[in-house]
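# Predicted model follows, preceded by the sequence.
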Amino acid sequence: MRIYKVGGAVRDRLLGRPVTEVDWVVVGARAEEMQAKGYRPVGADFPVFLHPQTGEEYALARTERKSGRGYGGFTFYASPDVTLEDDLTRRDLTINAMAEDEHGQVIDPYGGQADLAARLLRHVSPAFAEDPLRVLRVARFAARYAELGFRVADETMALMRQLARSGELQALTPERSWKEISRALMEPRPDVFIQVLRDCGALAELFPPLDALFDNDRVGTTPGMLATLRQCADHDQPLPVRWACLLHPLGEEDPQSERPGQAIEELNQRVKAPRDCQELALLVGHFQHAARKPATLAPEALFDLLQHFDIYRRPERFEQFLAACDMIARGRFAHEGLNPATVYLRDAADAARAVQVKPLMEEGLKGAALGAALKRARLEAIGRFQADRAL
C-alpha cells in the first residue's frame, strides 16, 4: 500500500500559496484493508475514507468510465491494480494531476509543472469532455488564478465549447451547479468566471438572460456588471451581495414590466440559490433605481423602500443592499469613495428606527390602531429627515 498527496495541495505548494486542504490517494489497497487500519468509509459512490486521527480524505486509486449523462453519469473502478498514473489521468487539469510521495518528490506524468510555469489551465486527456461540471470548474480556476496570469489553454477551451454545445450542461443538478457557481463568485476574480463561461458558450446554457445582455448591450451594461463583480471581490463582499450584483443588470432591462424581477426569479430557481441570496437579488433588482437618487423620492416612496427590507428586524439585509448599491456605483459608474446615496438611505433608516413604540402604547393604542399610528409616526420622521437634508 502506497499513499500519495494529490491535487490542490501539491499545486498550491508549488505555486507558493497556502495549502488549506490536503487530499490523499492510496495505491495497492482494498477497502477492507483500509477499514482494518481504522479508516472510516464515507459515502456510497466513491471508495473514500477518513483518516482515524486527522479526518483527512484518503481515496483508493480508481478509474472511471462514462455511463450516462451529466456529472453523475460515471462508473468507477477501484482495485489494487489501478496505478497512480491511472488515477491521475481521470483528473480535470494537468495542474491538478500531480502527486507527491512521502519524501516530497513530485510525480507529474502529464506536465502539470510545465503548465504552472506557463500559467496554463490545460486538460489532462480527451476524457475531459465527458464531464460537464468541468466547464464550471475550469472557469472557477481561471477566476482563482487570473491575478497570477493564468489563462485557459486554447485546446481546453475548444473542449469546453464542445461540452456547451452538447447539451450536457443541462444535465447538471441545480445543487451541483450552485456549489461551483457560489465558490467561483467568492474567488478573487469572479468577473473572469463569467467571461470564461461566455467565451465557451456555457453562459448561454446556464444563464440565458445574462448571456443575452452581452449580445444586446447598447449602454455598457455587461462591462459594468463585470466591473461590479470585481469591486465585490476587491471589497470582500459576502456571497449574497455578489450574487445580487451578478443579476442586477436583469433589473435594469425593464423596471416597468408587469413582472419586474421575473428574470432574476427564474435564475434564482434555476440554480436553487439559498434564500438569502434569492431575496437580496430580487430586492436589488427592484430597488436599485430608486436607491441611486433617494433624495428625489417622496416620503411615501422612501418609506415603502425601507419597509420592503424590514429594517427594524433584519438590519443586516438592508446593509447588504447598501453594499450592493455601492458596488454597482463603483463598477458601473466609476464612483469612488463614500457614496452619498447610500449614506442618505442609511440615515433615513436610522430616522425611521428612532421612532419609539412605547409612547404610542402608553396612549392606549393597540392592534391595528397601534400599527397605523406607528406607520404615520415613521412616515413623519422620514418627512422631517428629508426636509432637514434639503436645507
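That came through fine.
# Name the helix or strand for Val26, please.
strand 23-27 (DSSP states H and E).
# Could you report the distance from the residue nearest to Glu336 when sequence neighbours are not counted to Val22?
Of all residues not flanking Glu336 in the chain, Arg330 sits nearest, at 6.8 Å (C-beta to C-beta, 6 or more residues apart in numbering). In this view, the C-beta of every residue, glycine as well, is placed from N, C-alpha and C. Distance of Arg330 to Val22, computed by C-beta to C-beta, to the nearest Å: 37 Å.
# Which one of these two is surrounded by more residues?
Set side by side, Arg330 and Val22 show more neighbours around Arg330, with 21 against 17, by other C-beta atoms under 10 Å.
# For the more buried one, give me its contacts.
Counting by C-beta atoms under 8 Å, 6 or more residues apart in numbering, Arg330 touches Ala227, Thr228, Gln231, Glu336.
# picking that back up, assign a three-state SS to the residue nearest to Glu336, would you?
Following DSSP: H, G, I helix; E, B strand; the rest coil, Arg330 is assigned to helix.
# Which helix or strand contains Thr63?
Thr63 belongs to strand 62-66, assigned by DSSP H and E.
# That strand - what's its average pLDDT?
Taken as a whole, strand 62-66 has a mean pLDDT of 72.
# and if you look at stretch 207-216?
89.
# How far does the helix or strand containing Leu163 sit from its chain's centre?
For Leu163, the host element (DSSP H and E) is helix 154-166. Taking C-alpha atoms, centre = their mean, to the nearest Å, one finds the center of helix 154-166 at 22 Å from the center of the full chain.
# continuing past it, what's the next helix or strand?
Heading C-terminal from helix 154-166 (DSSP H and E), you reach helix 174-185.
# So what touches that following helix?
71, 133, 136-137, 139-140, 143, 190, 193, 206, 229, 239, 242-243, 246, 270-273.
# at 6 Å what do you get?
Tyr71, Leu136, Arg140, Ala143, Phe193, Leu239, Arg242, Val271, Lys272 (C-beta atoms under 6 Å, 6 or more residues apart in numbering).
# Quick one, which of these are buried?
Tyr71, Leu136, Arg140, Ala143, Phe193, Leu239, Arg242, Val271 (16 or more other C-beta atoms under 10 Å).
# could you check the distance from the last one over to Arg189?
It stands for Val271. From Val271 to Arg189 the distance is 20 Å (C-beta to C-beta).
# With the third one instead?
Here Arg140 is placed at a distance of 10 Å from Arg189 (C-beta to C-beta).
# for the host helix or strand of Ala233, packing partners?
Per DSSP H and E, Ala233 falls inside helix 221-234. If you count contacts as 3 or more C-beta pairs under 6 Å, 6 or more residues apart in numbering; DSSP states H and E, helix 221-234 packs onto helix 190-200, helix 208-215, helix 239-253, helix 315-332.
# closest one to Ala295 among those?
helix 315-332 (14.1 Å; C-beta to C-beta).
# what about the closest one, average pLDDT?
Per-residue scores along helix 315-332 average to 94.
# Pull out the buried positions in that helix.
Within helix 315-332, the residues that count as buried by 16+ other C-beta under 10 Å are 317-332.
# and what of stretch 90-99?
So stretch 90-99, judged by 16+ other C-beta under 10 Å, has buried residues Arg90, Arg91, Asp92, Leu93, Thr94, Ile95, Asn96, Ala97, Met98, Ala99.
# which residues sit against it?
4, 6-7, 10-11, 64, 84, 88, 106-108, 110-112, 115-116, 121-122, 124, 134, 137.
# How about stretch 228-235?
Pro188, Pro190, Asp191, Arg242, Cys245, Met327, Ile328, Arg330, Gly331.
# hmm, try it at 8 Å
Counting by C-beta under 8 Å, 6+ apart, 185, 187-191, 194, 241-242, 245-246, 248, 323, 326-328, 330-332 sit against stretch 228-235.
# what about the chain, any weak spots by pLDDT?
Applying pLDDT under 70 to the chain flags the ranges 44-45, 65-76, 217-220, 253-260.
# Nearest the middle, which residue of it would you pick?
A centroid search over the chain (C-alpha atoms, centre = their mean) returns Ser182, at 2.3 Å, as the residue closest to the centre.
# Okay, that residue and Leu60: tell me how far apart.
29 Å.
# what's the neighbour count on the closest residue in space to Met34 that isn't next to it in sequence?
In this structure, Met34 finds its nearest non-sequential neighbour in Phe49, 4.9 Å apart by C-beta to C-beta, 6+ apart. As a burial measure, Phe49 scores 24 neighbours (other C-beta under 10 Å).
# Report the beta-bridge partners for Phe49.
Counting by DSSP bridges, Phe49 forms beta bridges with Pro41, Tyr58.
# Correct me if wrong: it contacts Gly43.
No - using C-beta atoms under 8 Å, Phe49 is not in contact with Gly43; the gap is 9.8 Å.
# about what we covered before: could you identify the buried members of the contacts of stretch 90-99?
Buried among the contacts of stretch 90-99 by 16+ other C-beta under 10 Å: 4, 6-7, 10-11, 64, 84, 88, 107-108, 110-112, 115-116, 121-122, 124, 134, 137.
# mind listing which of those are in strands?
Residues of the buried ones among the contacts of stretch 90-99 located in strands (DSSP state E): Tyr4, Val6, Glu64, Ile107, Leu121.
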